[in-house]
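Engineer: need coordinates for the following:
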Amino acid sequence: MPSTPSKALETFDNPQTDRDYTIRIRMPEFTCLCPKTGQPDFAELHLEYVPDALCVELKALKNYIWSYRDEGAFHEAVSNQILQDLVAACQPRFMRLRSEFNVRGGVYTSVVVEHHAPNWQAAPVVQLP
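Structural biologist: Down below sits the predicted model:
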């Protein structure tokens, strides 16, 4: 059965809950509509997260991102909404979404939004020689 756009985000159990590790997902084909002109906006989304008990299932994420194709949204609003929905679905220890929108009227927009779980501390950065 072919995929269809959907706001449903599915998850699966984190196979390694005893350690912090980072999942990075690049989504180069995000589209939504400009709420002022109705013209399409194109962006590349970069998602990074440290899962807790759950991970985001990729096919459901693809269909979720696709669901914005015909919706009007300001860059700031859609970036925050996507992060909010992802956090609600999988309750990560940490999550960051960077939305890099293509040029519109000679202006590029990049929006970065983050979530930090209460009481979670990032491990120190290791500097190798």
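
Engineer: and the helix of greatest length in the chain, which residues are buried?
Structural biologist: Longest helix of the chain, by residue count under DSSP state H: helix 75-90. Of all the residues in helix 75-90, those buried under the rule 16 or more other C-beta atoms under 10 Å are 75, 78-80, 82-83, 86-87, 89-90. To be clear about C-beta, it is placed using only N, CA and C from the backbone, and glycine gets the same treatment.

Engineer: how about these, which pair is most distant?
Structural biologist: His75 and Cys90 (23.3 Å; C-beta to C-beta).

Engineer: quick one: end-to-end distance for stretch 12-21.
Structural biologist: The first and final residues of stretch 12-21 sit 16 Å from each other (C-alpha to C-alpha, to the nearest Å).

Engineer: list the buried ones in it?
Structural biologist: By neighbour count on 16+ other C-beta under 10 Å, the buried set for stretch 12-21 is Asn14.

Engineer: surely Glu48 and Thr22 touch.
Structural biologist: Yes - the criterion here is C-beta atoms under 8 Å, and Glu48 meets it with Thr22 at 5.9 Å.
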